[in-house]
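[1] need coordinates for the below:
(one chain, ligands or ions: 2)
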Amino acid sequence: MSAQREMKEKNPWHMPVTIIITVIGVIAIVALVTVAVLQNRPLPQKYKYGIVLDAGSSHTALYIYEWPAEKDNNTGRAEQKHSCKVKGPGISSYASAPLKAGESLRACMQEAEQWVPERRHRETPLYLGATAGMRLLNMENSTASDGVFRAVEGALQKAPFSFQGARILSGQEEGAFGWVTVNYLDDRLKQGLETTGALDLGGASTQISFISDKFDGSESQSNSVAFRLYGNDYNLYTHSFLCYGKDQALRLTLAHQTQSGPNLISDPCFNPGYSSTKNYSAIYDSPCVSNRKPQGAPLSFIQEGKGNFLQCQEVVKNVFNFTHCKYSQCSFNGVFQPLLQGPFGAFSAYYFVMNFLNLTDTTIPLETVKQKLASYCATPWSQIMQQHPDVKVKYLAEYCFSGTYILTLLTEGYNFTSESYSDIKFIKKIKGSDAGWTLGYMLNLTNMIPAEAPDSPPLPHAGYVSIVTIMAILLLILFIISLRPLWPRCSKQPQIV
Ligand SMILES: Nc1ccn([C@@H]2O[C@H](COP(=O)(O)OP(=O)(O)OP(=O)(O)O)[C@@H](O)[C@H]2O)c(=O)n1
Ligand SMILES: [Ca+2]
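    Ligands and ions are numbered 1, 2, ... in the order given. This next block holds a predicted model:
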């Protein structure tokens with residue numbers, strides 16, 4: 001008993017000095033880790049916002065983007081926080097009542113005031129970009145398009161945001177910014193990965209944009225856009241076909257079918273049993289077809305559906321001109337196009353139409369897709385209406401035409417084959433943000449994509465915390481080992497009998 005007590009007394013771990021040193025050591029290490037971790041902890045997130053109005057030919061939509069405030073041009077990604085569809089038609093339809101174009105935006109602007117925190121309102125940039133509808137109106141009647149711009153500018157200046165102007169995007173910009181959006185959202189630009197081509201189908205124009213290894217811009221400079229993004233150089237091929245959006249293309253096919261000014265056309269692109277009276281002046285009231293209006297045509301004609309996909313395809317082919325090409329290769333209408341290089345993301349009306357037709361799966365062979373579309377086109381109009389009571393009749397009536405137009409544009413126009421068709425993905429959103437030109441447009445105007453790769457901290461925060469903790473534990477172990485001379489030597493000592 002007394003030997004045991006003696007040993008206890010000699011055990012340095014029971015000596016006050018050792019205990020104090022150990023406690024101080026442990027406290028110092030815990031304090032070191034805590035301070036290091038807290039000091040370098042990411043600051044609480046603050047967000048910035050940007051608003052873009054997409055004034056398309058068929059409608060206007062407002063998009064609100066949000067991104068972490070400290071990381072504008074670094075690692076944070078801008079994301080779509082909210083979107084609002086403006087009620088009514090596109091702003092170009094208000095040519096004769098421009099003030100109404102401004103008024104139409106009010107409801108969505110009020111929504112934007114709710115979605116962007118009030119303290120950020122004044123610094124939030126607001127842009128309006130108009131596309132093919134306003135391009136056509138400007139060609140047709142520039143006074144009217146100026147009037148529409150004045151009215152929408154007046155309405156947007158009243159908003160509490162930092163209005164940065166309303167303008168018409170060039171076709172090149174529309175194509176290029178759509179491509180930037182898709183690749184930015186997929187994180188392909190920052191990581192320097194292989195990029196995705198962008199296919200955008202609107203109501204009045206359509207864009208195709210992709211990187212082709214065979215394209216350096218020299219063969220057709222008007223189709224070339226050069227970028228330096230995150231330290232990588234890109235030479236993008238892009239083309240916008242004005243009048244080849246879905247609605248204008250329908251006018252082109254109707255113009256083709258009404259060349260001789262008949263009272264009745266039997267239209268293979270509409271379901272059997274569909275019948276509608278249309279005004280000649282309404283069809284030809286667009287610079288895309290105005291010069292083709294037949295002389296002495298009656299006021300109106302009756303369009304009757306025949307529902308024949310193959311015949312519809314023949315009618316649609318007529319809107320593409322393949323007779324001339326001054327380059328090594330062309331898509332159509334004498335426009336240069338390098339060899340297709342996928343993958344591709346196809347959005348806007350490509351998605352709306354193919355999604356309605358249940359044909360977004362491109363792993364299905366192209367022949368099967370055509371058969372399914374043929375069977376949709378042959379379905380009686382009464383049955384289609386019965387099956388889709390909630391779909392707008394205008395859209396519903398046009399899906400056979402639209403599906404046929406999309407397949408014809410892709411295969412005959414752009415030269416997609418049965419194999420390369422599967423390189424296309426019909427998409428609406430990427431990681432919660434709509435595919436379209438608006439995000440790319442805002443990123444460009446706010447300089448949010450740097451030309452050079454941003455400097456990033458050598459270690460992410462989690463890695464930093466782990467290393468500091470491991471080092472501190474190692475120090476503690478070292479410290480304990482350094483106290484070894486003071487360790488009790490009793491337990492393993494041979495017993496002397
Ligand atoms: N559920 C829907 C929604 C739209 N559409 C069609 O899709 C086209 C509009 O596509 P969108 O990308 O919104 O065109 P805009 O941006 O308005 O036109 P643009 O880009 O040419 O200016 C219109 O023809 C419209 O009839 C459709 O078929 N089904
Ligand atoms: Ca559009």
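[2] could you use CA atoms for every contact and neighbour count after this?
    Will do.
[3] tell me how many other residues surround residue 193.
    12 (other CA atoms under 10 Å).
[4] contacts only, for it.
    If a contact means CA atoms under 8 Å, 6 or more residues apart in numbering, then residue 193 has no contacts.
[5] double-check that it belongs to a helix.
    No: under DSSP: H, G, I helix; E, B strand; the rest coil, residue 193 sits outside any helix and is assigned coil.
[6] quick one: it from ligand 1, how far?
    Distance, residue 193 to ligand 1, by CA to the nearest ligand atom, to the nearest Å: 27 Å.
[7] for that residue, grab phi and psi.
    Backbone torsions for residue 193, taken as degrees, to the nearest 10, come to phi -80, psi 170.
[8] and for the one 4 residues further on?
    Note on residue 197: its backbone torsions stand at phi -70, psi 160 [degrees, to the nearest 10].
[9] and the pLDDT at it?
    You'll see residue 197 listed with a pLDDT of 98.
[10] what's the neighbour count on it?
    28.
[11] isn't it up against residue 210?
    Yes: with contact defined as CA atoms under 8 Å, residue 197 counts as touching residue 210 (4.1 Å).
[12] list residues touching both of the two?
    With CA under 8 Å, 6+ apart as the test, residue 197 and residue 210 both reach 179, 341-342, 344.
[13] quick one: the strands in the stretch 351-497 of the chain?
    Remark: strands assigned in the stretch 351-497 of the chain by DSSP state E, counting those that start in this stretch are 424-426, 429-430, 433-434.
[14] isn't residue 298 right up against residue 277?
    No: using CA under 8 Å, residue 298 makes no contact with residue 277, being 11.9 Å away.
[15] using TSV, lay out the strands of the stretch 351-497 of the chain together with distance to residue 164.
    Output for these, formatted as TSV (distance: least, CA to CA, whole Å):
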stretch	distance to residue 164
strand 424-426	32
strand 429-430	26
strand 433-434	22
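[16] among those strands, which is nearest ligand 1?
    Ligand 1 lies closest to strand 433-434 among those, at 11.1 Å (CA to the nearest ligand atom).
[17] next one: that closest one to chain centre, how far?
    Chain-centre distance of strand 433-434: 5 Å, with CA atoms, centre = their mean, to the nearest Å.
[18] what do you get for stretch 228-248?
    13 Å.
[19] next, the contact list for residue 153, please.
    Residues counted as contacts of residue 153 (CA under 8 Å, 6+ apart) are 102, 165-166.
[20] among the residues you listed, name the ones in helices.
    residue 102 (DSSP state H).
[21] selecting buried members of the contacts of residue 153 in PyMOL, what would you type?
    Selecting the buried subset of those in PyMOL, with 16 or more other CA atoms under 10 Å as the burial test, is done by:
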select buried, resi 102+166
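[22] of the contacts of residue 153, closest to ligand 2?
    residue 166 (15.5 Å; CA to the ion).
[23] which one is that closest one nearest to, not counting chain neighbours?
    residue 128 (4.5 Å; CA to CA, 6 or more residues apart in numbering).
[24] I figured residue 53 hits residue 129, correct?
    Yes: counting by CA under 8 Å, residue 129 is a contact partner of residue 53 at 6.2 Å.
[25] more neighbours, these two?
    More crowded of residue 53 and residue 129, by other CA under 10 Å: residue 53, with 24 against 21.
[26] give me the contacts around the host helix or strand of that one.
    Using DSSP states H and E, residue 53 sits within strand 47-55. With contacts defined as CA under 8 Å, 6+ apart, strand 47-55 is touched by 60-69, 90-91, 116, 120, 124-131, 438-439, 442.
[27] what do you get if the cut-off is 7 Å, keeping everything else the same?
    Strand 47-55 is contacted from outside by 60-69, 90-91, 116, 124-131, 438, using CA atoms under 7 Å, 6 or more residues apart in numbering.
[28] again with stretch 292-304
    Contacts of stretch 292-304 (CA under 7 Å, 6+ apart): 259-267, 274-280, 284.
[29] now the buried members of those residues.
    261, 263-265, 267, 274-275, 280, 284.
[30] ok, residue 228 - contacts?
    Contacts of residue 228 (CA under 7 Å, 6+ apart): 234, 451.
[31] please redo it, this time with the cut-off set to 10 Å
    Residues near residue 228 by CA atoms under 10 Å, 6 or more residues apart in numbering: 189, 234-235, 449-453.
[32] just give the closest residue to residue 209, not the sequence neighbours.
    Here the residue nearest residue 209, using CA to CA, 6+ apart, is residue 238, at 4.1 Å.
[33] and the nearest residue to residue 190 once chain neighbours are set aside, how far from residue 62?
    Excluding the flanking residues, the one nearest residue 190 by CA to CA, 6+ apart is residue 230, at 5.6 Å. Residue 230 is 28 Å from residue 62, where distance means CA to CA, to the nearest Å.
[34] okay, those two: which has more neighbours?
    residue 62 (23 against 18).
[35] who's the more buried one bridged to?
    Legend: beta-bridge partners of residue 62 under DSSP bridges are residue 53, residue 84.
[36] wait, it sits on residue 110?
    No: in this structure, residue 62 is not within contact of residue 110 by CA atoms under 10 Å, at 11.0 Å.
[37] quick revisit: just send the buried ones among the contacts of stretch 292-304 back as JSON lines, with distance to ligand 2 and secondary structure too.
    Converted to JSON lines, the buried ones among the contacts of stretch 292-304 look like this (distance: CA to the ion, whole Å; DSSP: H, G, I helix; E, B strand; the rest coil):
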{"residue": "261", "distance to ligand 2": "32", "secondary structure": "coil"}
{"residue": "263", "distance to ligand 2": "34", "secondary structure": "coil"}
{"residue": "264", "distance to ligand 2": "32", "secondary structure": "strand"}
{"residue": "265", "distance to ligand 2": "30", "secondary structure": "strand"}
{"residue": "267", "distance to ligand 2": "27", "secondary structure": "strand"}
{"residue": "274", "distance to ligand 2": "28", "secondary structure": "coil"}
{"residue": "275", "distance to ligand 2": "29", "secondary structure": "strand"}
{"residue": "280", "distance to ligand 2": "26", "secondary structure": "helix"}
{"residue": "284", "distance to ligand 2": "22", "secondary structure": "helix"}
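[38] could I get those as a markdown table with distance to residue 155 and pLDDT?
    A markdown table is the format used below for the buried ones among the contacts of stretch 292-304 (distance: CA to CA, whole Å; pLDDT from 0 to 100):
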| residue | distance to residue 155 | pLDDT |
| --- | --- | --- |
| 261 | 43 | 92 |
| 263 | 44 | 95 |
| 264 | 44 | 97 |
| 265 | 44 | 97 |
| 267 | 42 | 98 |
| 274 | 41 | 98 |
| 275 | 41 | 98 |
| 280 | 35 | 96 |
| 284 | 31 | 96 |
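[39] can you name the two of those that are farthest apart?
    Pairwise distances across the buried ones among the contacts of stretch 292-304 peak at 21.4 Å for 274 and 284 (criterion: CA to CA).
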